[in-house]
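Enquirer: Okay, here's the prediction I keep looking at, along with the sequence it came from:
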Amino acid sequence: RILAMGITLAFTGLTATAQGTPDQDARYTAALADIRAEIKLTDAAATMRTLCSEQYGPACYTLGSAYESLTTPDYPSAYTFYDRACQFGDADGCVDQGFLDYSGAAGTVDMAAAVARFRQGCEADNGVGCRNLAYMQKSGTGVPAVDQVAARASYVKGCQLEDAEACFFEGLFARNGTGGPVDDVQAFAAYTKSCASNYADGCNNLGVMYANGAATVQDYTEARRLFEIACAGGDRYGCDNAGDFMREGKGGPLDLATAYARFTTACEADLGEACFQAAYALENGQGVPADAIAARATYETACEIYAYACNNLGVMYRNGRGGPMDEAGARLLYVKACDEGGTMLACDNYADLLQTGDGGPEDPILARTYYEKACEGDNADACNQLGFMTAEGQGGPPDQAQGLTYYARGCELKNGSACSNAAKGYYNGAGVAKDDTMARSLFQTGCDLGDSDACHNLNIAFARGIGGIVDPTAATTAKARACELGREASCGA
């Protein structure tokens, strides 16, 4: 959760830079002061019109901005005065005329004309003009083709002209290697400048660089401070990142209550990941009293915009937490989280319902497909279940050798039951040459991972010398461990 990819264009505002004779500059400054003070407005407007007729660009620009700022904007008149301002060398007029060309507010959408005006503004050292030009170049709007190289150069110039958002995008392009090589040093400098100009997205991304130690010494304390600044400035990613750091006690004290508040703020700004974190806090009582009903409702919100969260919502549906049990609904949520959110646990959960027939008909073929998807995504339980279905011929022809391969993968992923099942395959010579030594080793691994069945069989292997020497002490230890793990047959004499 790093980037805030703004795509906004902008118009420049009310005031232009004086650029005429001393007399014109003085008359303009006096009239503008009256407008701001809301006095002598008729005289001030007449002065502006006179100055505009004298080809004094700032006056034309101010008139255009005034027409655009009316309660009911007069965009055609604004466009006319912006056009005059631009013709008379006022860069702000060029930029705001270009914005009206882009939006079509004055009557006609003309992207090529917008590009031309933004380019004029940029060439006249208007930072907003450079930034808007870069947007057109990177999106391929009003230009022959997308040109990320040109966009990067325009952002660089906009940043040099003190446009904070242009600095942000210069940093973003440099960090991602867009329109040129990856350059973390350039990105760090641009984000620093953007943040110093109170652009919240720049503070967030600068915080990420401190957190990752990119182009600077890793500094969680500074990262956390920057995330808080970004959050206060309205950047939802900053709120989410601040919440993460507070929840984990990174860069400062553990603060679950404030972490929850930050996640909630970001969630209210439609950041799905943050809604997920807020729901998780509500479900587990982290920084807020546990509330299954509120957690379920917040997971609902998260699931609409962040498919990963649908898995947790599905679990609540299946278990009837925070609302009625709905296993059919859980199926839909699991498949969404799996297929759209890439949540391997959801793939495993969906396969489980397909295998058992809960919430709908049994479908071992489809169950096997989703277990395979989850296993390929390194879900250990799915590998174990896939091994069982493959070895037993559920949802397809039996294949003990392939089943053993899946068990072995599950064992590598630290699933004790998978290790135990793989051990049985080697002990029985199912799909592989019988190998008691390998079986004993795998029972040991499974037992170490907390699988009671593996500990039970390890006890037998040590007691009888299967796959190695007889070891009564080790056998006793394995038996006791199996009992602790709930294997009743291993308890007692």
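Expert: Thanks, I have the structure now. For clarity, every value in this text was computed on a predicted model and none was experimentally measured.

Enquirer: got a list of what Phe276 touches?
Expert: The contact partners of Phe276, by CB atoms under 8 Å, 6 or more residues apart in numbering, come to 299, 302, 306, 308-309, 312. Backbone N, C-alpha and C define where each C-beta goes, glycine included.

Enquirer: 6 Å instead?
Expert: 302, 306, 309 (CB atoms under 6 Å, 6 or more residues apart in numbering).

Enquirer: Kindly tell me how buried the second one is, as a neighbour count.
Expert: When neighbours are defined as other CB atoms under 10 Å, Tyr306 has 21 of them.

Enquirer: ok, for it, nearest residue in space, not its chain neighbours?
Expert: Of all residues not flanking Tyr306 in the chain, Gly272 sits nearest, at 2.5 Å (CB to CB, 6 or more residues apart in numbering).

Enquirer: what's the neighbour count on that neighbour?
Expert: A count of nearby residues for Gly272, using other CB under 10 Å, gives 20.

Enquirer: show me the contacts for it.
Expert: For Gly272, the contacting residues are 302, 305-306, by CB under 6 Å, 6+ apart.

Enquirer: Include pLDDT and secondary structure when you put the contacts of Phe276 into TSV, please.
Expert: Output for those, formatted as TSV (pLDDT from 0 to 100; DSSP: H, G, I helix; E, B strand; the rest coil):
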residue	pLDDT	secondary structure
Ala302	97	helix
Tyr306	96	coil
Ala309	97	helix
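
Enquirer: Export those to TSV and append columns for distance to Leu386.
Expert: Listed next are the contacts of Phe276 as TSV, based on distance: CB to CB, whole Å:
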residue	distance to Leu386
Ala302	29
Tyr306	27
Ala309	25
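
Enquirer: Which member of those residues is positioned nearest Gly64?
Expert: Of all the contacts of Phe276, Tyr306 has the smallest distance to Gly64: 42.7 Å, by CB to CB.

Enquirer: From Cys338, how far out is that closest one?
Expert: In this view, Tyr306 and Cys338 are 14 Å apart by CB to CB, to the nearest Å.

Enquirer: possible to save the contacts of Gly272 as TSV with distance to Glu327?
Expert: Output for the contacts of Gly272, formatted as TSV (distance: CB to CB, whole Å):
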residue	distance to Glu327
Ala302	21
Ile305	24
Tyr306	23
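
Enquirer: and the longest helix anywhere in the chain, which residues are buried?
Expert: Taking DSSP state H as the criterion, the chain has its longest helix at helix 22-37. Residues of helix 22-37 classed as buried under the neighbour-count rule (16 or more other CB atoms under 10 Å) are 24-25, 27-28, 31-32, 34-35.

Enquirer: Contacts made by that helix with the rest, please.
Expert: Contacts of helix 22-37 (CB under 6 Å, 6+ apart): 18, 40, 44, 47-48, 51, 56, 58-59.

Enquirer: Closest one of the residues you listed to Pro364?
Expert: Distances from Pro364 to these, taken by CB to CB, are shortest for Pro58, at 76.4 Å.

Enquirer: before we move on, what SS does that closest one have?
Expert: Assigned with DSSP: H, G, I helix; E, B strand; the rest coil, Pro58 falls in the helix class.

Enquirer: Find me the pLDDT at it, would you?
Expert: Here, the pLDDT recorded for Pro58 equals 93.

Enquirer: just the one 10 residues further on next, same as before
Expert: Reading off the per-residue confidence, Glu68 sits at a pLDDT of 91.

Enquirer: Same check on Gln218?
Expert: At Gln218, the pLDDT recorded in the model is 97.

Enquirer: Tell me how many other residues crowd it.
Expert: Applying other CB under 10 Å, I find that Gln218 has 12 neighbouring residues.

Enquirer: how about it, what does it touch?
Expert: If you count contacts by CB under 6 Å, 6+ apart, then Gln218 has nothing around it.

Enquirer: Please report how far it lies from Phe188.
Expert: 13 Å.

Enquirer: one step back: mean confidence for the helix or strand immediately after the longest helix of the chain in the chain?
Expert: Once the chain leaves helix 22-37, the next helix or strand it forms, by DSSP states H and E, is helix 41-53. Mean per-residue pLDDT for helix 41-53: 90.

Enquirer: List the buried residues of helix 41-53.
Expert: Neighbour-count burial for helix 41-53 flags 44-45, 47-48, 51-52 (criterion: 16+ other CB under 10 Å).

Enquirer: try stretch 351-365
Expert: Within stretch 351-365, the residues that count as buried by 16+ other CB under 10 Å are 351-355, 359, 363-364.

Enquirer: can you check stretch 235-245 too?
Expert: The neighbour-count check on stretch 235-245 (16+ other CB under 10 Å) flags 235-245 as buried.

Enquirer: What lies in contact with that stretch?
Expert: The contact list for stretch 235-245 (CB under 6 Å, 6+ apart) reads 1, 4, 200-201, 204, 224, 227-228, 230-231, 251, 259, 262-263, 265-266, 269, 271, 274.

Enquirer: mind listing what Ala113 touches?
Expert: By CB under 6 Å, 6+ apart, the contact list for Ala113 reads Asp101.

Enquirer: Now do the strand or helix carrying it, average pLDDT.
Expert: In this assignment (DSSP H and E), Ala113 forms part of helix 111-123. Across helix 111-123, the average pLDDT comes to 96.

Enquirer: for it, the distance to its chain's centre please.
Expert: With CA atoms, centre = their mean, to the nearest Å as the basis, helix 111-123 stands 33 Å off its chain's centre.

Enquirer: Let me know the next secondary structure element after it.
Expert: Sequence order places helix 127-139 as the next helix or strand after helix 111-123, per DSSP H and E.

Enquirer: Now do that following helix: which elements does it pack against?
Expert: helix 111-123, helix 148-160, helix 164-176 (3 or more CB pairs under 6 Å, 6 or more residues apart in numbering; DSSP states H and E).

Enquirer: now the angle between helix 164-176 and that helix, please.
Expert: Here the directions of helix 127-139 and helix 164-176 differ by 40 degrees (axes from the mean of the first three to the mean of the last three CA atoms, to 10 degrees).

Enquirer: Might one say that Tyr210 is in contact with Asp219?
Expert: Yes. Contact criterion CB atoms under 6 Å: Tyr210 and Asp219 qualify, at 4.8 Å.

Enquirer: Of the two, which one has the most company?
Expert: More neighbours surround Tyr210 than the other of Tyr210 and Asp219, with 24 against 16 (other CB under 10 Å).

Enquirer: CA-only coordinates of stretch 43-52, as PDB, when you get a sec.
Expert: Output in PDB follows, covering the C-alpha atoms of stretch 43-52 (Å, rounded to 0.1, in the frame of the first residue of the first chain):
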ATOM      1  CA  ASP A  43     -14.500  50.700 -10.500                       C
ATOM      2  CA  ALA A  44     -12.100  47.800 -10.000                       C
ATOM      3  CA  ALA A  45     -13.800  45.800 -12.800                       C
ATOM      4  CA  ALA A  46     -13.700  48.800 -15.100                       C
ATOM      5  CA  THR A  47     -10.000  49.200 -14.400                       C
ATOM      6  CA  MET A  48      -9.400  45.500 -15.200                       C
ATOM      7  CA  ARG A  49     -11.300  45.800 -18.500                       C
ATOM      8  CA  THR A  50      -9.300  49.000 -19.400                       C
ATOM      9  CA  LEU A  51      -6.000  47.200 -18.600                       C
ATOM     10  CA  CYS A  52      -7.100  44.200 -20.600                       C
END
